[in-house]
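**Q** Show me how the following folds:
(chains A and B)
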Amino acid sequence: MRYHIVLRYVGIILLINAAFLFISAIISFLKGDSALFPLIYTCLIAALFGAFPFIFIPPTEEISIKEGFTIVVSSWLLSCLIGMIPYVLWGGEFTLTNAWFESVSGFTTTGSSILTNIEALPDGLLFWRSATQWIGGVGIIIFALSVLPSMGKIGMMLYRSEISPLAAANFRYQTRETLRIIMTVYVGLTVAETIALVACGMSLFDAINHSFTTIATGGFSPKNLSVAYYRSPQIETIIMIFMILSGINFGLLFLSLSGKLKVLLRSTVLRTYLIMLFAGVVLVAVNIHGAVYGGWGETIRHAAFQVISIGTSTGFASTDSNIWPPFSQMLIVFFTLLCACSGSTSGGIKVDRAVLLWHAIKKRITKVQHTHAVVKAKIEGIAIDDDVLEASLLYIILYVAIVFVSSLLICFMGIDIMTAFSASAATMGNVGPGFGLVGSVSNFGNIPEIGKWILTGDMLLGRLEIFGLLLFFLLRSWK
Amino acid sequence: MGIRAKIFSGFLIMAIMLLVAGAWSIYELSNIGISVQRILDDNYKSINAAKLMVEALEREDSAILLLLLGKQKEGRAILQSADASFRKAYETARNNVTIPGEQEYVDAVSRAYDNYKALWSKPIVETAREGNLSWYFSEVHSSFLMAKLSVQNLMSLNDQMMYRTASDMESRAHRATMPGIIAIISAFVFAIIFSFLINLFVVTPIIKVTDGIQRYIDSGIPLKVKVDTEDEISKLVSSVESLIAKSER
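**A** Sure thing, here's the model as predicted:
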């Protein structure tokens, strides 16, 4: 592998980080806050590290699959490292562990926070915090739609197990064109949401921050109470619409925006995703009506917001779901594990794999009934390879196993079961909030230091679809 | 870009990282110095003055008890001296109003002390007040406590501000050390990358050229070295190739 080529392209990512750090520094300067020097110094480091490889390394058009993969994963890890520097330099609640947690939570678009008082952060740092999620969101889609599907033999293995063939059926573009589409949809959605939020009365700064973190399905908010701070059904509705959109495969979104609505309607994954969200909202609403909220209006409003927020792995809060009955909490835990569609910015097991799992179950039942029958699972008329079904099942088992081990380790540190399990599931699924100590209006500050490192490991594993991170550490054995 | 410029840029980048970190650390350290001075000038002076006022008030209280016992000379002497001490300390506090809202606390001290003084300024010995403990408890003692409380409030305000400034100093100390630590780590990582690139784009091609020349000398194999960069190395390769071609002619 040509490490210098990796270095050159990772440099580009660092320069992108430097650009956002510079914008954050400008905000800090205009507001006269205390984050100016931390942001400028980090911007300088990122820019110098990013630009230096260009002096030595000549450009190259040809990048191998292995190099491409290494570029994406190492860019992610390096971005997390660079992202924590402004926090560490600024101080406050940011110890080394806390800064790493906040940075990883940002770039993986998880949205879990260690901050007890978010509003105490200077505006420049708040913007940087949201920007990490926005940058991370682009990274996820490029990784999912562009890098993994183009990885030849190994790529197919990854592609089958991580992205599923349904994403491929939905998206058939070459890399360069893919990048253009991703950026068009991504920036377009961000701008549209910002305008809509400003129109609903939110300040421009807050609107940009919320748009950044909605489209990335991240969930960082500049307010301690998250979206609940605004007490505005209009703002919540706008955010809900954009959360749902951000949970859809970006390729599909682009096609539908280009007038090819049929593709959107034909998608089994999309139908399943929307039906599940709708069913979740109805069940939660019925459960919390009377028990928590009196009127149906308020009940549906909060049920819809919380289910969509968790079901798309965003993690915003319109209310404290910690006080909801156990049935609703368990439903939300289910959505924490499942999340939205592949090819979107969301995390979790993903609806695609749930659809595959359902077909695998149906196939198994038919095989039991008709022992000699040749049965093939089919989705939208396309036969699904047994390898693909097996890989998806393996991923789900591995996913749940990691959540279980992580919960066990956190329980060992004296944390209660609900907090430990929901924290592990929420970080692995890149959702953000859980229940108990890490509820929707609480934070991860009370988790022990080692626990925070475990949870950041979960975030990275979940974001890089488990095998992505494992393969990165096994690069030497990758022939 | 030539090799000289490339190497220079590497060292320049490291120097920039260290210089900026150093400059920032110096800035934060000088701010710590300013904070220390502020604690001494603004808060400690007022706290010390408040302590002197409390001490003076307690001496005045003792003096009043002496007057109640009929000790006119001793009581009045102590009152005179304590009043002078109080006035002196009060003037220090009045001239050192540095915290927003502190003026109100200073005025409250003045009002409470005037009320208290009005009670003991009048004669006590050989009047109905001599030995009158109920007068002492109902009027003098409560007035004494009010004056003392107003001084303690002033002291508490300065205490809080001193604590806040000290906390700010702690975070400033953190900010002064962290850039240095980050600059050292960054410079270390940068040095590794720099050495990797120098090795890849300068040292390795030179070794390849040397080996190629040696192969030509030993067995006449033509020199073929692929250089990706357009710098002195590529010029060296083409010069050696020309030299070989010329010598063959």
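**Q** hey, let's count contacts and neighbours off CA atoms from now on
**A** OK.
**Q** so B:V54 touches B:V151, yeah?
**A** Yes - with the criterion set as Cα atoms under 8 Å, B:V54 and B:V151 qualify as a contacting pair; they are 6.8 Å apart.
**Q** Tell me which of these two has more neighbours.
**A** Set side by side, B:V54 and B:V151 give different neighbour counts by other Cα atoms under 10 Å in any protein chain shown, the larger being at B:V151 (28 against 21).
**Q** Hmm, the more buried one is touching B:A49, no?
**A** No - using Cα under 8 Å, B:V151 and B:A49 do not qualify as a contacting pair, with a distance of 9.3 Å.
**Q** burial count for residue 105?
**A** No chain was given, so I picked chain A. Neighbour count for A:S105, taken as other Cα under 10 Å: 31.
**Q** looking at chain B here, not the other one
**A** Applying other Cα under 10 Å, we find 19 residues neighbouring B:Y105.
**Q** cool, and A:S211?
**A** Here the count is done by other Cα under 10 Å, and A:S211 has 29 residues near it.
**Q** Which phi and psi values does A:N224 adopt?
**A** Dihedral angles of A:N224 (phi, psi; degrees, to the nearest 10) stand at phi -60, psi -40.
**Q** for it, what are its contacts?
**A** A:T116, A:N117, A:I118, A:E119, A:V441 (Cα atoms under 8 Å, 6 or more residues apart in numbering or on different chains).
**Q** ok, the second one to B:L157 distance?
**A** It stands for A:N117. 25 Å (Cα to Cα, to the nearest Å).
**Q** more crowded one of those two?
**A** Neighbours around A:N117 and B:L157, counted as other Cα under 10 Å, are more numerous at B:L157. The numbers are 19 against 13.
**Q** which SS class is that one?
**A** Classification of B:L157 using DSSP: H, G, I helix; E, B strand; the rest coil returns helix.
**Q** Can you name the residues that contact it?
**A** Taking Cα under 8 Å, 6+ apart as the criterion, B:L157 is in contact with B:E102.
**Q** Please repeat the previous calculation with a cut-off of 10 Å.
**A** By Cα atoms under 10 Å, 6 or more residues apart in numbering or on different chains, B:L157 lies in contact with B:N43, B:S46, B:I47, B:I99, B:G101, B:E102, B:Y105, B:V151, B:Y163.
**Q** What helix or strand is the spatially most central residue of chain B located in?
**A** For chain B, the residue nearest the mean C-alpha position is B:I32 (2.5 Å; Cα atoms, centre = their mean). Using DSSP states H and E, the secondary-structure element containing B:I32 is helix B:3-38.
**Q** Burial check on whatever residue of the stretch 351-479 of chain A ends up closest to chain B, number of neighbours?
**A** Nearest residue of the stretch 351-479 of chain A to chain B, counting by Cα to the nearest Cα: A:R476, 18.8 Å away. Look at A:R476: counted by other Cα under 10 Å, it has 9 neighbours.
**Q** B:L66 too?
**A** Around B:L66 sit 20 other residues, with neighbours defined as other Cα under 10 Å.
**Q** again with the one 5 residues further on
**A** The local packing count at B:K71 equals 16, with neighbours defined by other Cα under 10 Å.
**Q** rewinding a little: what about the contacts of B:L157, which are in helices?
**A** Per DSSP state H, helices hold the following members of these: B:S46, B:I47, B:E102, B:Y105, B:V151, B:Y163.
**Q** still on that earlier bit, pLDDT wise, what is the residue nearest to the centre of chain B at?
**A** Reading off the per-residue confidence, B:I32 sits at a pLDDT of 80.
**Q** just A:K153 next, same as before
**A** What the model reports as pLDDT for A:K153 is 40.
**Q** Also A:T419?
**A** For A:T419, the pLDDT comes out at 94.
**Q** got it, and the one 10 residues further on?
**A** Here the pLDDT value assigned to A:G429 is 94.
**Q** tell me the secondary structure for the residue nearest to it when sequence neighbours are not counted?
**A** Counting by Cα to Cα, 6 or more residues apart in numbering or on different chains, the nearest residue to A:G429 once its immediate chain neighbours are dropped is A:G348, at 3.7 Å. Using three-state DSSP, the three-state assignment for A:G348 comes out as coil.
**Q** I'd say A:G348 and A:G247 touch.
**A** No - between A:G348 and A:G247 there is no contact, the gap being 11.2 Å when judged by Cα atoms under 10 Å.
**Q** any idea how far B:S138 is from chain A?
**A** Separation of B:S138 from chain A (Cα to the nearest Cα, to the nearest Å): 48 Å.
**Q** With B:N153 instead?
**A** As defined by Cα to the nearest Cα, B:N153 lies at a distance of 28 Å from chain A.
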